[in-house]
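Colleague: Requesting a structural model of the entry that follows:
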Amino acid sequence: MNWLNYLASQARKESEVRVYTMEASGEFEKYKPPSSTINIIRSGNSKGKNPILRYWKYFGFYASVSRNLNSWKPDTVMYYETLSAYPAYIHRKLLANQCRLGIHYHEYTSIREYQKGMFINRLGHLLEKKLYPLANWISHSNEDRMRLFLADNKSTRISNTYILPNYPPQSWKVDKSEKTLSMPVKFVYVGALSLETMYLKEFANWIIQQDGRATWDIYSDNITEDAKVFLKSLNPELVRFQDRVNYFRLPGILRNYHTGVILYNGHIPNYIFNAPNKLFEYWACGLDVWFPEIMKSTMFYATRDSYPKVIPVNFERMTSYDLDVLTDRSELQYKPSSYYCEPEFEKLLNQYIACL
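Modeller: The predicted structure follows:
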């Protein structure tokens, strides 16, 4: 969505962007592009428990997008993740179309995960390997993931690799330079939640142990049932489940908190070699950020002599941490985040234009 907003701000009158995607669940508020140069085309959905029906929906979506690409003949095709590779493969490889091709991965998928995952994703990866030598742009969100990706595909000729971090827009930037945090310290978490893949239970129990000196609000539209049951068993005045929130309303919400938490326990490489969007969104809004020590790619952003603090935490030893020590800013200098998406998108757009 941020990339589309950026394209709308840079678009020339003769340019047009078409986005092919499936219908979102009715629970979600649909993204509305800010310009008539952006056209969102939604068809089908991937919901449903019947695997045959679900695969049929994917086939229908791929066929529809492929027909549209063939009739429209865009100058540039960009797809996100392996699951979206099929129409790009048909258009660029089978139809011998000379359009520019961009590929971006928000996530890193290991060889083992491809082997054990959905057949449609496994086959898509076999096909997209044939696209890699033709691509004008292949990107991952950090250097570690790109290193792993290249090692996994060392038998394939790959060039034109780039890093495209998942930063928020500059409009998220907030000046919150106060040295002392008021009590109670207000923690916030935004995103998917699970007892198995996150330190949810460990952090929630620590919040309860602070006996009113800390509160925790959770905003999630993707939470497992057992996680819901666990959260409902806690003191609702200290740990509060706030349900989903529209992405573009997040800055106004996050500014009301002191510290944002990241809780991945590193159950797969994707969450070890990860510097997630939450990190930069919390930071942009002036919040301290606590992240698990297991997240190796986030260690690069850890702060030492400045605030907002970005600090690694061992969530398996939460009882050893003192709230006052972790939130103390008395000897630190104020240094807001400098990580925003516009300069990154400028590099991406310039690369596409350079290929004209």
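Colleague: Show me the strands in the stretch 151-300 of the chain, by range?
Modeller: Ranges of strands within the stretch 151-300 of the chain are 161-163, 185-190, 214-219, 239-241, 259-261, 288-292, based on DSSP state E, counting those that start in this stretch.
Colleague: Can you tell me the strand partners of the fourth one and which way each runs?
Modeller: It refers to strand 239-241. Pairing partners of strand 239-241, with direction, according to DSSP bridges: strand 214-219 (parallel).
Colleague: likewise the last one?
Modeller: According to DSSP bridges, strand 288-292 has the following sheet partners: strand 259-261 (parallel), strand 310-313 (parallel).
Colleague: packing partners for the helix or strand just after it?
Modeller: Sequence order places strand 306-307 as the next helix or strand after strand 288-292, per DSSP states H and E. Contact here means 3 or more CB pairs under 8 Å, 6 or more residues apart in numbering; DSSP states H and E; on that basis strand 306-307 packs against strand 333-334. In this view, the C-beta of every residue, glycine as well, is placed from N, C-alpha and C.
Colleague: From the chain's centre, how far out is the strand it packs on? Work that out for me.
Modeller: 28 Å (CA atoms, centre = their mean, to the nearest Å).
Colleague: For the helix or strand just after it, list every residue counted as buried.
Modeller: Using DSSP H and E, the helix or strand that follows strand 333-334 towards the C-terminus is helix 341-354. Applying a neighbour-count criterion of 16 or more other CB atoms under 10 Å, one finds 341, 344-345, 348, 351 buried in helix 341-354.
Colleague: From those, which one has the minimum pLDDT?
Modeller: For the buried residues of helix 341-354, the model is least confident at residue 351; its pLDDT is 88.
Colleague: Return the residues in contact with that residue.
Modeller: Shown in contact with residue 351 (CB atoms under 8 Å, 6 or more residues apart in numbering): 136-137, 162.
Colleague: Check whether residue 207 really touches residue 238, as I assumed.
Modeller: Yes. At 5.7 Å, residue 207 counts as touching residue 238 under the criterion of CB atoms under 8 Å.
Colleague: of those two, who's got more company?
Modeller: Legend: neighbour count by other CB atoms under 10 Å for residue 207 and residue 238, higher for residue 207 (23 against 18).
Colleague: As JSON lines, the strands of the stretch 151-300 of the chain with mean neighbour count, mean pLDDT and distance to residue 230 would be great.
Modeller: As requested, these are exported to JSON lines (neighbours: other CB atoms under 10 Å; pLDDT from 0 to 100; distance: least, CB to CB, whole Å):
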{"stretch": "strand 161-163", "mean neighbour count": "15", "mean pLDDT": "97", "distance to residue 230": "37"}
{"stretch": "strand 185-190", "mean neighbour count": "22", "mean pLDDT": "97", "distance to residue 230": "14"}
{"stretch": "strand 214-219", "mean neighbour count": "20", "mean pLDDT": "96", "distance to residue 230": "11"}
{"stretch": "strand 239-241", "mean neighbour count": "18", "mean pLDDT": "94", "distance to residue 230": "10"}
{"stretch": "strand 259-261", "mean neighbour count": "24", "mean pLDDT": "98", "distance to residue 230": "16"}
{"stretch": "strand 288-292", "mean neighbour count": "24", "mean pLDDT": "98", "distance to residue 230": "19"}
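Colleague: The ones you listed into JSON lines, with extra columns for distance to residue 28?
Modeller: Formatted as JSON lines, the strands of the stretch 151-300 of the chain follow (distance: least, CB to CB, whole Å):
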{"stretch": "strand 161-163", "distance to residue 28": "29"}
{"stretch": "strand 185-190", "distance to residue 28": "15"}
{"stretch": "strand 214-219", "distance to residue 28": "14"}
{"stretch": "strand 239-241", "distance to residue 28": "18"}
{"stretch": "strand 259-261", "distance to residue 28": "22"}
{"stretch": "strand 288-292", "distance to residue 28": "26"}
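Colleague: of those strands, which approaches residue 65 most closely?
Modeller: When the strands of the stretch 151-300 of the chain are compared by CB to CB, strand 161-163 sits nearest residue 65, at 24.2 Å.
Colleague: Just the residues contacting that closest one, thanks.
Modeller: The contact list for strand 161-163 (CB under 8 Å, 6+ apart) reads 137-143, 146, 150, 347-348, 351.
Colleague: how far out from the middle of the chain is that strand?
Modeller: 17 Å.
Colleague: in its sheet, what does it sit against?
Modeller: Applying DSSP bridges, strand 161-163 is found paired with strand 137-140 (parallel).
Colleague: how far out from the middle of the chain is the partner strand?
Modeller: 15 Å.
Colleague: for the record, mean pLDDT for it?
Modeller: pLDDT averaged over strand 137-140 gives 97.
Colleague: okay, it in CSV with CA atoms only?
Modeller: Written as CSV, here are the backbone C-alpha positions of strand 137-140 (Å, rounded to 0.1, in the frame of the first residue of the first chain):
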residue,chain,number,x,y,z
TRP,A,137,14.9,-6.4,-10.0
ILE,A,138,14.8,-9.1,-7.2
SER,A,139,14.6,-7.9,-3.7
HIS,A,140,14.4,-9.1,-0.1
